[in-house]
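> next come a sequence and a model predicted from it.
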Amino acid sequence: MMAGKKRLTPEEIVKSFKDEFKAKIKNTRIERRTKGSSKNEFVHIWMKIDKSSFKDSVKHLATLQKYPHLAVASGNDLGKTIELIYHFSIYYGVPLGEISINISVELPKSKPEIETICDIIPGALITEREKQEMLGVTIKGIPDSRRVFLADDFPEGVYPWRKDETGPQKMIRNLHEVKK
Amino acid sequence: MKFSMLVQVFTQMFKKPFTNKFPAKYIPSSTTKFLRDVGSGKAEIIPPIETPDGFRGKIVYDKDKCIGCKLCIKVCPSGAIEFKPEEKKVKFYLARCVFCAQCTDICPVNCLSMSNEFLLADADKYSKNLIVE
Amino acid sequence: MKTKQTTKTTYRIPIGPIHPALKEPVAFEFEIDGERIVDVDVSLGHVHRTVEWAATKRNPIQILYLAERICGICSYCHPAAFALAVENIANIEVPERAEYLRVIHAELERICSHILWAGVAAHEIGFDSVLFLTWQIREKVLDLTEYLTGNRITKGIITIGGVRRDITKEHHPKIFETLNYLKDNFEKLRKVFLDDKTFRMRSQGCGILTKEDALKLCAVGPTARGSGVKKDVRVDQAYFSCADLDIECITPDVLTGEVNGDVYDRIIVRLLEVKQSIDLIEQCIDKMPVGDIVSEPKVAKVLATLKKAGGEGIGRMEAPRGEVIHYVKLVEGEEYPFTWKVRAPTYNNIMPWVPMLKGEQIADIPIVAASTDPCMSCTNRVAIVDSGKKYELNKEELHRRSVEKTRRFMA
């Protein structure tokens, strides 16, 4: 599948990103752990990228491996900003060679917008729709922007993953607090 | 073989069925009459299959050993345990118990264990059979 | 195709959200032209239970049991992935014996799940005797699970730092007896599924997912492997003790020499994986080192360690249906996690349904949808609105159409 392309080590991968994007990349860390008796190691790379160069960084990732595997995108509400973390993995198919790359982007709450990556990785559609409804992020250019997990009559403006006033606090009913 | 399943189906006709027919071979037309017959010895309930050791059934609580540390309440995933502050003992509501046995693992004085009783169906959530204290 | 005179248009059939052919509540809308499907639209969200929100009110030990109840058939992979994520955050070192025990339970669950799927696939085609044969075999494996862990389905055997129960020499006779029973019956299953003409007629050439589509849509599990993509977390990344064992990624060309990406190929992948799992359990019992089964037996100390830990981590493992990934973020000083994101493998396998179903007939919908092994089971009816007249296709009707197609092939 990948004959002829050289596989880079984790340090080289981080270096190639840093060379390409210079100051837009912050907080990289490489975690290595070993498992089992033969002490084989697995590698997770975490990177934080500026919002403006997010799409270019995904294109750069696609040059390292033709179809990077997007597992899912998770989100955090950090007070004034919303953080989206995209969990990619490359070099699958090579025994004990897969490397997980987690790219996180921070968006300000006043303008939570980001571009879609569905043109590079079509399989990202469902996870992007989920971020739109759960966190209130607007994804520009998404081919299909209907709700995916919440019901159609769920009120607008209530975002279940947020911890501020737009969270779902008013919709909770504690069913088990009937006196036993 | 083209239709190998036919051979399999044919041999099954001569084998004992895999299902254990608990409690009776056919559904009785009147459950209360069936239970009366069992009580007087006219009919028999086929027993269920033996449970293995380590089966997680109804919880058994040794009240005297309990010290009221509340560690079991901290780890119960479904909130099935209630603390009684006056006596410093606990009360289990089996209607909410998920039979995970985490409380038995964490108890520092080993006053809890899981029996192999599993026939606990009841119509009332708070009946005597489903509260252990 | 519309011309000025005729008014030939396509019908729209909604199937779901709850339906016999699908095992997860998913709402489809098919546009059909005669009996051929022209377009598919999928909508999800019918079993949304706010599990991720419920975790923000529970400590990590309680979340293990909450995670188990996300799904009934793959109920081991969710607490396992959660434990992997938390162990990555808090740098908890798991003893080697516990890693081998975890692999044994994971493979037992894989066997149960694939055999269950084989029975359901046979039922969709109309071959009910095979359903009962496979589920009879599965009962023996469930008995073994009950003997080792205390319960048949929600095992409750994983804990943070290891496992809760050990497998000693006294358990070995029953394990080997069950494995031998499985090996004898595996030959029977293989003959029925792979050599029997009925299965081949219905499944070859049906529901094709090309390798290109599988890569672009990020398919996982046997759905991707049946199309020739070598994605398997056990082989690619070291987790538990899979790196010490002899595992290889199974694709259909191991048996037939070519890859078509149809339903028949996925049947091959799943059956060969059952054989591989039996082999892996034997390897694990052989190589198991002595030692502890959990890194910290006192649960109260584990909770205290996790309260002090902070950071984020991911845990990935290979469930019977594909790759499961959990993301956890813990905050120092707080017992409850800040965020927990669960991604079950079926969510990545939903988008491949669209290219698989285009061009197929209605009677093929059950077998194609079931071939990706979606993850829950329910029943309901289908309504067709046909230019003013309303009639309902209920469960028996749709199943009857699928069975009739088999009979037509056999005649």
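That came through fine.
> buried ones in stretch B:55-65?
Residues of stretch B:55-65 classed as buried: B:Phe55, B:Arg56, B:Gly57, B:Lys58, B:Ile59, B:Tyr61 (neighbour count, 16 or more other C-beta atoms under 10 Å in any protein chain shown). Any C-beta I mention is one placed from the backbone N, CA and C, and that applies to glycine too.
> what ranges do the helices span in chain B?
B:4-12, B:31-40, B:71-75, B:102-106 (DSSP state H).
> need these in a markdown table with mean neighbour count, distance to C:Val331 and mean pLDDT, can you?
Shown next, in a markdown table, are the helices of chain B (neighbours: other C-beta atoms under 10 Å in any protein chain shown; distance: least, C-beta to C-beta, whole Å; pLDDT from 0 to 100):
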| stretch | mean neighbour count | distance to C:Val331 | mean pLDDT |
| --- | --- | --- | --- |
| helix B:4-12 | 13 | 58 | 75 |
| helix B:31-40 | 12 | 55 | 80 |
| helix B:71-75 | 19 | 19 | 89 |
| helix B:102-106 | 20 | 23 | 89 |
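> put together TSV for these, with distance to C:Tyr264 on each row.
Compiled in TSV, these are given as follows (distance: least, C-beta to C-beta, whole Å):
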stretch	distance to C:Tyr264
helix B:4-12	17
helix B:31-40	48
helix B:71-75	48
helix B:102-106	44
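> okay if I get those as JSON lines plus distance to chain C?
Output for the helices of chain B, formatted as JSON lines (distance: least, C-beta to the nearest C-beta, whole Å):
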{"stretch": "helix B:4-12", "distance to chain C": "5"}
{"stretch": "helix B:31-40", "distance to chain C": "27"}
{"stretch": "helix B:71-75", "distance to chain C": "5"}
{"stretch": "helix B:102-106", "distance to chain C": "5"}
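> circling back: from the buried residues of stretch B:55-65, pick the one nearest B:Arg96.
Nearest to B:Arg96 out of these is B:Ile59 (C-beta to C-beta; 12.1 Å).
> in CSV: the buried residues of stretch B:55-65, plus pLDDT and distance to A:Tyr86.
Formatted as CSV, the buried residues of stretch B:55-65 follow (pLDDT from 0 to 100; distance: C-beta to C-beta, whole Å):
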residue, pLDDT, distance to A:Tyr86
B:Phe55, 87, 45
B:Arg56, 88, 40
B:Gly57, 88, 46
B:Lys58, 90, 47
B:Ile59, 90, 45
B:Tyr61, 91, 49
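> ok, which of the helices of chain B comes nearest chain A?
helix B:71-75 (13.3 Å; C-beta to the nearest C-beta).
> other SSEs contacting that closest one?
Applying 3 or more C-beta pairs under 8 Å, 6 or more residues apart in numbering or on different chains; DSSP states H and E, we find helix B:71-75 packed against strand B:81-84, helix B:102-106, helix C:299-308.
> next SSE downstream of the last one?
For helix C:299-308, the succeeding helix or strand toward the C-terminus, using DSSP states H and E, is strand C:311-319.
> just how off-centre is the helix or strand bottoming out on mean pLDDT in chain A within its chain?
The helix or strand of chain A with the poorest confidence is strand A:25-35; it has a mean of 80 (mean pLDDT, DSSP states H and E). In this view, strand A:25-35 has its centroid 16 Å away from the chain centroid, taken as C-alpha atoms, centre = their mean, to the nearest Å.
> packing partners for that strand?
helix A:10-21, strand A:40-49.
> just the buried residues of stretch B:55-65 that are near chain C?
Among the buried residues of stretch B:55-65, the ones lying near chain C by C-beta under 8 Å from any C-beta of the partner chain are B:Phe55, B:Arg56.
> in CSV: the buried residues of stretch B:55-65, plus distance to C:Thr134.
Formatted as CSV, the buried residues of stretch B:55-65 follow (distance: C-beta to C-beta, whole Å):
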residue, distance to C:Thr134
B:Phe55, 26
B:Arg56, 27
B:Gly57, 29
B:Lys58, 33
B:Ile59, 35
B:Tyr61, 41
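> so the residue nearest to C:Ile158 when sequence neighbours are not counted: helix, strand or coil?
Closest residue to C:Ile158 apart from its sequence neighbours, by C-beta to C-beta, 6 or more residues apart in numbering or on different chains: C:Pro79 at 4.6 Å. With DSSP: H, G, I helix; E, B strand; the rest coil as the basis, C:Pro79 sits in helix.
> number of nearby residues for C:Pro79?
A count of nearby residues for C:Pro79, using other C-beta atoms under 10 Å in any protein chain shown, gives 25.
> quick one: it and C:Ala67 touch, right?
Yes: using C-beta atoms under 8 Å, C:Pro79 is in contact with C:Ala67, at 4.7 Å.
> and the residue most central in space within chain A, what element?
Chain A has A:Tyr86 as the residue nearest its centroid, 1.3 Å off, counting by C-alpha atoms, centre = their mean. In this assignment (DSSP H and E), A:Tyr86 forms part of strand A:81-90.
> can that strand be found next to chain C?
Yes: judged by C-beta under 8 Å from any C-beta, strand A:81-90 comes into contact with chain C through A:Ile85, A:His87, A:Ser89.
> picking that back up, mind checking how far the residue nearest to C:Ile158 is from chain B?
Distance of C:Pro79 to chain B, given as C-beta to the nearest C-beta, to the nearest Å: 11 Å.
> and for B:Leu112, the neighbour number?
Neighbourhood size, B:Leu112 [other C-beta under 10 Å]: 21.
> isn't it up against B:Gln102?
No: between B:Leu112 and B:Gln102 there is no contact under C-beta under 8 Å: 10.2 Å.
> could you check the pLDDT of A:Gly4?
With respect to pLDDT, A:Gly4 scores 42.
> can you list the weak-confidence ranges in the chain?
Going with chain A. Applying pLDDT under 70 to chain A flags the ranges A:1-5, A:173-180.
> wrong chain, I was asking about chain B
B:1-4.
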